[in-house]
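Student: here's my sequence, what's the structure:
(one chain, ligands or ions: 1)
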Amino acid sequence: MNIGQEVLEELKNEITELEYNRYIRHLDYDLKKSSSDLAVYYAQNALVVNWIKNKYTDKLAHLFEIKTGNKVTVSITLKSAKTTKKAKTTAKEVAKTSSLLNPSYSFDNFMVGGSNQFAYAAIKSVSENPGKVYNPVFIYGGVGLGKTHLMQAAGNVLQNTGKVVIYATVEQFLNDFIRHVKNKTMDRFQEKYRKCDVLLIDDIQFLSNKEGIQEEFFHTFEALKGTGKQIILTADKHPKKIGGLEARLQSRFEWGLVADIQPPELETKIAIIKKKCEINKVKLSDEIVNYIATVIESNVREIEGILSKLHAYSQLMHVDIDIEFTKNVLKDQIKENRQNLTMDTITNVVAKDLNIKPSEIRSKGRSKNIVYARRISIYICRELTQSTMPQLAQYFGMKDHTAISHTIKKINDLIEKDEDFKVKIDELTNKLSSSS
Ligand SMILES: Nc1ncnc2c1ncn2[C@@H]1O[C@H](COP(=O)(O)OP(=O)(O)OP(=O)(O)O)[C@@H](O)[C@H]1O
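Tutor: All right, here's what the predicted structure looks like:
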């Protein structure tokens with residue numbers, strides 16, 4: 001029995017037999033692709049992939065750590081012919097990285113609407129003419145809006161035409177770099193990244209304030225760009241807004257084309273849900289689809305989480321997915337989101353929305369916009385977290401709990417009198433409840 005199977009056996013002791021038989025037993029461990037810090041498993045269906053990712057990856061990583069003493073990243077991917085097909089490249093390491101593209105991230109599976117049309121068109125065109133039209137393409141936008149999906153869709157197309165494609169997050173690029181520095185094999189690192197045809201780097205914002213890796217990335221970028229190889233990058237914000245980046249990198253990120261992805265509009269959300277249901281053979285009525293699309297604000301990953309939950313619960317409990325059942329599952333999800341909310345998250349979201357610094361909200365500042373933001377933050381923290389009045393007072397730098405209770409009373413009065421204020425509170429509360 002290999003280590004991957006041993007870990008699954010251990011997991012068996014921690015979950016129900018039904019869960020094990022339905023989800024875990026059929027996982028395939030890929031001995032070749034796994035290493036001392038990476039465990040690669042394949043599942044048969046995308047919903048199971050999601051379900052396992054959400055529910056069991058932390059547990060699996062923990063069990064690996066206990067067994068091997070190493071911190072191991074657990075990758076659960078969809079099993080497909082492509083994942084086992086060898087990439088057409090002589091460089092073994094490149095083949096390893098490029099095969100980690102998710103085959104279900106295709107253009108066909110990506111629903112296009114006003115919110116992502118521009119980014120879609122940009123990526124589609126570089127997948128047809130790599131290195132020739134826009135280089136690099138830099139896609140930015142919020143969490144779970146399809147940046148990785150789009151970039152990998154181009155990667156899949158190009159890999160299928162025989163190009164050597166490397167996909168890595170900045171974290172993986174950095175870990176790979178450290179490993180090669182340690183093993184004194186930097187020549188192999190450079191060979192790998194500078195000789196590929198297409199480089200896809202996810203979460204570029206994590207280069208921020210990491211000088212060594214920025215230097216290495218700069219040279220990789222120059223080598224690829226100089227030889228007409230396609231680069232696609234994603235980040236959570238526009239290159240100009242990523243702090244702690246060398247100016248020469250920042251300007252290069254803007255050389256080609258910068259496109260944003262916005263949260264999907266209702267129609268796009270509906271189309272996405274229908275597509276995911278079609279792919280995963282889940283039957284939902286239009287009423288349920290519309291309900292999910294309306295309740296879940298923006299994060300598509302969260303929508304997928306809901307679909308896997310609905311699917312899994314209905315299978316485990318042998319019930320049909322009807323509207324009441326859906327409402328219950330979503331109620332739990334919203335409750336769970338709220339439980340995960342911290343005062344920091346709330347303050348950050350309010351600060352971002354109102355365009356001020358989180359530290360100003362927690363300062364003693366008395367200017368109108370700071371007081372306004374502080375009131376909103378306090379109110380939402382009181383509503384959505386378990387924080388007590390003394391904890392709120394300490395966090396927001398107020399004298400004591402009576403100061404907080406006084407503020408909350410004031411806010412309640414304001415909510416009654418000032419419609420705009422109420423709308424703002426509702427808007428932020430919904431955003432925080434559904435997307436944390
Ligand atoms: N327009 C879309 N059509 C179909 N699926 C989508 C769309 N947008 C997002 N998704 C799905 O949502 C999930 C999350 O997308 P993805 O991982 O690409 O987000 P992301 O923007 O890279 O997020 P993060 O910044 O957190 O990494 C994926 O499973 C993806 O397939």
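Student: what about the residue of the chain at minimum distance from the ligand, how many neighbours?
Tutor: In the chain, no residue comes nearer to the ligand than residue 146, which is 2.7 Å away by C-beta to the nearest ligand atom. Any C-beta I mention is one placed from the backbone N, CA and C, and that applies to glycine too. Counted with other C-beta atoms under 10 Å, the burial measure for residue 146 works out to 25 neighbours.
Student: again, but for the one 3 residues further on
Tutor: Neighbouring residues of residue 149 were enumerated by other C-beta under 10 Å; the total is 21.
Student: ok, the residue of the chain closest to the ligand - contacts?
Tutor: For residue 146, the contact set (C-beta atoms under 8 Å, 6 or more residues apart in numbering) comprises 110, 116, 261, 300.
Student: let's see that with 10 Å instead.
Tutor: With contacts defined as C-beta atoms under 10 Å, 6 or more residues apart in numbering, residue 146 is in contact with 105, 110-112, 115-116, 119-120, 139, 153, 234, 261, 264, 268, 272, 300-301.
Student: I figured residue 393 hits residue 408, correct?
Tutor: No: using C-beta atoms under 10 Å, residue 393 is not in contact with residue 408; the gap is 11.2 Å.
Student: low pLDDT regions in the protein?
Tutor: Low-confidence segments of the chain (pLDDT under 70): 18, 80-99, 297-298, 332-339, 433-436.
Student: report the central residue of this protein.
Tutor: Closest residue to the average C-alpha location of the chain: residue 144 at 4.7 Å, with C-alpha atoms, centre = their mean.
Student: more neighbours: which of residue 393 and residue 408?
Tutor: Neighbour count, other C-beta under 10 Å: between residue 393 and residue 408, residue 393 has more, with 20 against 17.
Student: report the contact partners of the more buried one.
Tutor: For residue 393, the set of contacting residues under the criterion of C-beta under 10 Å, 6+ apart consists of 378, 387, 399, 400, 401, 402, 403, 404, 405, 407.
Student: so which of the residues you listed is the most crowded?
Tutor: In terms of neighbour count, residue 378 stands highest of the contacts of residue 393 at 27 neighbours, by other C-beta under 10 Å.
Student: next, that residue: phi, psi?
Tutor: Dihedral angles of residue 378 (phi, psi; degrees, to the nearest 10) stand at phi -60, psi -50.
Student: show the contacting residues for it.
Tutor: Residue 378 makes contact with 343, 346-347, 350, 361, 387, 392-393, 395-396, 398, 403-404, 407-408, 410-411, according to C-beta under 10 Å, 6+ apart.
Student: can we see that at 8 Å?
Tutor: Taking C-beta under 8 Å, 6+ apart as the criterion, residue 378 is in contact with 392, 396, 404, 407, 408, 411.
Student: out of those, which one sits closest to residue 256?
Tutor: Looking at the contacts of residue 378 and their distance to residue 256, the nearest is residue 396, at 43.7 Å (C-beta to C-beta).
Student: what does the stretch 151-300 of the chain put close to the ligand?
Tutor: 236, 272, 275, 300 (C-beta under 6 Å from any ligand atom).
Student: what residues does the stretch 301-436 of the chain put near the ligand?
Tutor: Residues of the stretch 301-436 of the chain found near the ligand (C-beta under 6 Å from any ligand atom) are 301, 304.
Student: ok, which stretches of the stretch 1-150 of the chain are helices?
Tutor: Assigned by DSSP state H, counting those that start in this stretch, the helices in the stretch 1-150 of the chain fall at 3-12, 17-19, 46-68, 81-84, 92-98, 117-128, 147-160.
Student: just to revisit the earlier point, cross the contacts of residue 378 against strands and list the overlap.
Tutor: Among those, no residue falls in strands (DSSP state E).
Student: so which of these are in helices?
Tutor: Taking DSSP state H, the ones among those that sit in helices are 392, 404, 407, 408, 411.
Student: for the ligand, what are the nearby residues on the stretch 1-150 of the chain?
Tutor: Counting by C-beta under 6 Å from any ligand atom, the residues of the stretch 1-150 of the chain that sit close to the ligand are 109, 110, 111, 116, 141, 143, 144, 145, 146, 147, 148, 149.
Student: which of those fall in strands?
Tutor: For these, membership in strands holds for residue 141, with DSSP E as the criterion.
Student: drop anything exposed from the residues of the stretch 1-150 of the chain next to the ligand.
Tutor: Among those, those buried by neighbour count (16 or more other C-beta atoms under 10 Å) are 109, 110, 111, 116, 141, 144, 145, 146, 147, 148, 149.
Student: could you pull out the strands for the protein?
Tutor: So, for the chain - with DSSP E - the strands run 28-29, 38-43, 73-78, 137-141, 165-169, 198-202, 230-235, 257-261.
Student: please point out which parts of stretch 108-124 sit buried.
Tutor: Going by 16+ other C-beta under 10 Å, stretch 108-124 has these buried residues: 109-113, 115-116, 118-120, 122-124.
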